[in-house]
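> Sequence plus the predicted model coming up.
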Amino acid sequence: MDISTTKDTAAPPTPQPSADQKRAERGTTRPGDRIFLGLSRGSGIFLLALMAAIAVFLSYRAALAISKDEANFFTTFEWNPTAVPPEFGIAVLAFGTIVSSIIAMAIAVPVAVGIALFITHYAPRKLGGPIAYVIDLLAAVPSIVYGLWGALVLVPQLDGLYGWLNDYLGWTGILEWQGGAPRSMLTVGILLAIMILPIITNVSREVFRQVPQMQEEAALALGATRWEVIKMAVLPFGRSGVISASMLGLGRALGETMAVAMVLSPSFEINASLLDPGGGTFAQNIASKFSEATEMGRDALIASGLVLFVITLLVNGAARLIIARRKEFSGANA
Amino acid sequence: MDGGSWKEIPKVKLQRKNRLRALSLGAVAVTGALTLTACGSDDTGGSGGAGDSTAAADSNIDCGDAKGQLLADGSSAQKNAIDAWVKQYSAACKDVVINYKGSGSGAGITAFTQGQVAFAGSDSALKPEEVTASKEICTGGQGIDLPMVGGPIAVGYNVPGVDNLVLDAKTLALIFDSKISNWNDKAIAALNPEATLPDLKIQAFHRSDESGTTDNFTKYLIAAAPDQWKYEGGKAWEAKGGQSAQGSSGVAQGVKGTEGAISYMELSYAKDGMSTVSIKTDAAEPAKATIENATKAIGEAKIVGTGKDLALEVNYQPKTDGAYPITLVTYEIVCDKGNKADTLPATKSFLTYIASEDGQALLADAGYAPMPEEIITKVRTTISELS
């Protein structure tokens, strides 16, 4: 009885309020509480307002540019916003952004899951800790440094790989190599894979750590090998976590700017082969064209930024859908 | 009792796990924040060689009654030259603060016609509509072009075993249009009978960003090889194919790091690990890309400006021995009459200094070509008549 009255402040006051009740009433009106409530509510509202402001700004400037665009904004392979009449389109950029991100994911996700499993389930404690630490360091390297490394070290080393791909897989057409310097979509994908590896590894590692010990021990008790434990207990439990980790990585890959601009030979054409130089991504194109852009050129770049914004929203929405659908199956929502 | 102690163990474990989890999630958040800060843009402006001039006050600088702040904006190509001049000038005239922003030629001319700056720097002469726009700012006068800074655009290449490559405009156009794709092509061999050209794919790099260097290089190709280079020209690269990279430093790095590469860039970027192409012109000997040879080529330029305007038309097929044809000229743009009263003394004094012998002599140190005597004399006369 006593407990319920102290907790319910709206209840009619007893003739002689207890000390507990007084404290509770005063507690709700203490300045600290109100300030903190105001601050946290304000932060939440501020974030929403900020997102809305960005969306409004992008849409407004994009509408200005697209209304003057004489070519189809979605299918044109040109970027001449200052020409008379202005003609520009995002076909090449959308293709390049998505293809380079897919390559990056195809390389990074299996490797990251492998590293995470090694750290949590195979490596001795003394080895797992340092590896995890090094992966964390990898995430702290600025993207411009990845770009420099990519342009100075990675690109000159890729001739061998490109030759090998051409010899064995050149017949597919998409992996045919004409001998151009390897500043292509595949190189961008490889570099992006290295850049998103740490974020996927870190989140996956945390998810695999949360796997209930009981389930793993139960599987072992039934005679499962270590691989079978991972297949039956760890991976199903961690699936949604790995998906959201991958989406975090994908978000970074979609928006990467300087590193892409430094290892790619950008051009407004789509090559049949991933190994030919050329192509471009949204963020790279904005970085390349912004410095000399006129008013119209800037609006056109902002219009392309809006498309990237929408693609990123769609990707995040899709990730949330997948996670929500598997929620009942998994305890970890990292 | 048994049940109680059995329950204890997982609880303790859970707490430890939760703490670990919180810690590592924190770590993820921190690294995430770090990576987010990593997106910046790089400044591609070169450093030039402007730093070595000791800031001793130059006694030949006439400050007159100049004082106050002088705002200017425009071409980033001449920014290093302006910086070197400003350093000397402000050491002598301490009452004047000069602020030159290298936002690009287009931005500079816009700022000038809107009356925001006292003078603008530009890679190209004023267009007729820009002259009309300038009449609103220049009461009773108009904007005029004063050629002040020149420079060669070098063609750097990286071909092992070939030191002294000679090319002409037609071959250059075909190479950059991906029509010639191997270094042992007959057209290249015909121009270099003594060189042993390797069987190596040509990797022609162009600028992926918009650039005045691209504009001037393609102007040369259009003028000197009209049959081979059928594009309109401009700051954006139009030909298809080939490699590209961002900024002068980007293409320079591309050439250094790639066997078989060739690209165009300002002379100051063409060093360490690459050679420059000598251009075959109508003269007897192919011209090397040097500052002196650029000045020789500007000497053949025609003054096409009318009245006080000294806009030049560079001769891309010079006949003088040694004249290097791929040359760009940048201008300072001021009003011939009707400059603002409060900035006129400082503008006049600064322009007089940069057109003087001392001022022009400073250019070679910064990697630029001084104007030939004949032209700079006319520039000096025009400056003295500014009002």
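Yep, that arrived.

> What's the end-to-end length of stretch B:112-122?
11 Å (Cα to Cα, to the nearest Å).

> next one: stretch B:118-125
First-to-last residue span, stretch B:118-125, Cα to Cα: 17 Å.

> measure the spatially most central residue of chain B to chain A for me?
When Cα atoms, centre = their mean is applied to chain B, the residue found nearest the centroid is B:Ala77 (3.1 Å). Per Cβ to the nearest Cβ, to the nearest Å, B:Ala77 is found 12 Å from chain A. All C-beta atoms are positioned from the backbone trio N, CA, C, and that covers glycine.

> So that residue versus B:Gly233, what's the distance?
Per Cβ to Cβ, to the nearest Å, B:Ala77 is found 17 Å from B:Gly233.

> Likewise for A:Ser267?
Distance of A:Ser267 to B:Gly233, computed by Cβ to Cβ: 18 Å.

> more crowded one of the two?
A:Ser267 (24 against 17; other Cβ atoms under 10 Å in any protein chain shown).

> I figured that one hits A:Asn285, correct?
No. Between A:Ser267 and A:Asn285 there is no contact under Cβ atoms under 8 Å: 10.6 Å.

> Contacts only, for the residue nearest to the centre of chain B.
The contact partners of B:Ala77, taken as Cβ atoms under 8 Å, 6 or more residues apart in numbering or on different chains, are B:123, B:149, B:151, B:212-213, B:266, B:328, B:330.

> can we see that at 6 Å?
Counting by Cβ atoms under 6 Å, 6 or more residues apart in numbering or on different chains, B:Ala77 makes contact with B:123, B:212, B:330.

> any idea which of the residues you listed is closest to chain A?
B:Gly212 (8.5 Å; Cβ to the nearest Cβ).

> How many residues are close by B:Asp272?
That count, for B:Asp272 with other Cβ under 10 Å as the rule, works out to 7.

> Which pLDDT does the model give it?
If you check B:Asp272, the pLDDT there is 78.

> Mind checking what secondary structure it has?
B:Asp272 falls in the coil class when you classify it by DSSP: H, G, I helix; E, B strand; the rest coil.

> A:Ala224 now?
coil.

> Could you find the closest non-adjacent residue to it?
A:Met232 (6.4 Å; Cβ to Cβ, 6 or more residues apart in numbering or on different chains).

> and what of A:Arg252?
A:Ile196 (5.2 Å).

> picking up where we left off before, dump the contacts of B:Ala77 into CSV; add distance to A:Pro85 as well.
CSV is the format used below for the contacts of B:Ala77 (distance: Cβ to Cβ, whole Å):
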residue, distance to A:Pro85
B:Asp123, 25
B:Gly212, 24
B:Thr330, 30
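
> What is the lowest-pLDDT residue among the residues you listed?
B:Gly212 (81).

> Low-confidence ranges, the stretch 51-200 of chain B, go.
B:51-59 (pLDDT under 70).

> who's in contact with the residue in it positioned nearest to chain A?
In the stretch 51-200 of chain B, the residue that lies nearest chain A is B:Gly104 (5.4 Å; Cβ to the nearest Cβ). B:Gly104 makes contacts with A:292, B:76, as judged by Cβ under 6 Å, 6+ apart.

> going on from the helix ranked longest in chain A, what's the next piece of helix or strand?
In chain A, taking DSSP state H as the definition, the longest helix is helix A:31-68. Next helix or strand after helix A:31-68 toward the C-terminus (DSSP states H and E): strand A:79-80.

> Quick check: mean pLDDT of that next one?
pLDDT averaged over strand A:79-80 gives 86.

> check whether that strand contacts chain B.
No. Judged by Cβ under 6 Å from any Cβ of the partner chain, strand A:79-80 and chain B are separated, with a smallest distance of 7.2 Å.

> quick one: strands adjacent to that strand?
Using DSSP bridges, the strands paired with strand A:79-80 are strand A:87-88 (antiparallel).

> Quick one: residues in contact with the partner strand.
Contacts for strand A:87-88 (Cβ under 6 Å, 6+ apart): A:70-71, A:78-81, A:300.

> Filter the residues you listed down to the buried ones and express that as a PyMOL selection.
A single PyMOL command is used to select the members of those judged buried by 16 or more other Cβ atoms under 10 Å in any protein chain shown:
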select buried, chain A and resi 71+79+80+81+300
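
> okay, the contacts of strand A:87-88 in JSON lines with distance to A:Arg239 next?
Output for these, formatted as JSON lines (distance: Cβ to Cβ, whole Å):
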{"residue": "A:Glu70", "distance to A:Arg239": "48"}
{"residue": "A:Ala71", "distance to A:Arg239": "43"}
{"residue": "A:Glu78", "distance to A:Arg239": "43"}
{"residue": "A:Trp79", "distance to A:Arg239": "40"}
{"residue": "A:Asn80", "distance to A:Arg239": "46"}
{"residue": "A:Pro81", "distance to A:Arg239": "44"}
{"residue": "A:Ala300", "distance to A:Arg239": "41"}
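
> Check the contacts of strand A:87-88 against A:Val111 and report the nearest one.
A:Trp79 (34.4 Å; Cβ to Cβ).

> wait, what's in contact with that closest one?
A:88, A:268.

> which residues does it bridge with?
Residues in beta-bridge contact with A:Trp79 (DSSP bridges): A:Phe88.

> Around chain B, pick out the residues from the stretch 101-250 of chain A.
Within the stretch 101-250 of chain A, the positions near chain B by Cβ under 6 Å from any Cβ are A:136, A:139-140, A:142-143, A:156, A:179, A:181, A:183, A:202, A:206.

> And the helices in the stretch 51-200 of chain A?
Assigned helices in the stretch 51-200 of chain A, in chain order: A:91-117, A:125-140, A:143-149, A:155-157, A:159-169, A:185-209 (criterion: DSSP state H, counting those that start in this stretch).

> if we can go back for a sec, how close does the residue nearest to A:Arg252 sit to A:Ile115?
As judged by Cβ to Cβ, A:Ile196 and A:Ile115 stand 13 Å apart.

> per-residue pLDDT, B:Thr276?
pLDDT, read off for B:Thr276, is 93.

> phi, psi of the residue of the stretch 51-200 of chain B closest to chain A?
With angles defined as degrees, to the nearest 10, B:Gly104 sits at phi 110, psi 150.

> ok, residue 184 - how many residues close by?
No chain in the question, so chain A it is. 27.

> other chain: chain B
12.

> which residue packs closest to it, ignoring adjacent ones?
Closest to B:Asn184 by Cβ to Cβ, 6+ apart is B:Leu197, at 4.6 Å.

> can you pull out the strands in the stretch 51-200 of chain B?
Secondary structure of the stretch 51-200 of chain B (DSSP state E, counting those that start in this stretch): strands at B:68-74, B:96-101, B:119-122, B:143-158, B:166-167.

> okay, the ones you listed, which one's buried deepest?
Highest mean neighbour count among those (mean count of other Cβ atoms under 10 Å in any protein chain shown): strand B:119-122, with a mean of 28.

> elements contacting it?
Contact partners of strand B:119-122 among helices and strands, from 3 or more Cβ pairs under 6 Å, 6 or more residues apart in numbering or on different chains; DSSP states H and E: strand B:68-74, helix B:105-113, strand B:327-335.

> Give me the contact list for that strand.
Contacts for strand B:119-122 (Cβ under 6 Å, 6+ apart): B:72-75, B:78, B:105, B:108-109, B:112, B:331-334, B:347.

> Sheet partners, orientation included, of that strand?
strand B:68-74 (parallel), strand B:327-335 (antiparallel).

> Using the three-state scheme, assign the residue nearest to A:Ala224.
helix.

> How many residues are close by the residue in the stretch 251-387 of chain B positioned nearest to chain A?
Chain A sits closest to B:Thr258 of the stretch 251-387 of chain B, with a gap of 4.6 Å, by Cβ to the nearest Cβ. Look at B:Thr258: counted by other Cβ under 10 Å, it has 23 neighbours.

> from memory it sits against A:Ala181, does it?
Yes. When contacts are counted by Cβ atoms under 6 Å, B:Thr258 is listed as touching A:Ala181 (4.6 Å).

> confidence score at the closest residue to A:Trp177 other than its chain neighbours?
Counting by Cβ to Cβ, 6+ apart, A:Trp177 lies nearest to A:Asn166, which is 3.8 Å off, once chain neighbours are set aside. Predicted confidence (pLDDT) for A:Asn166: 92.
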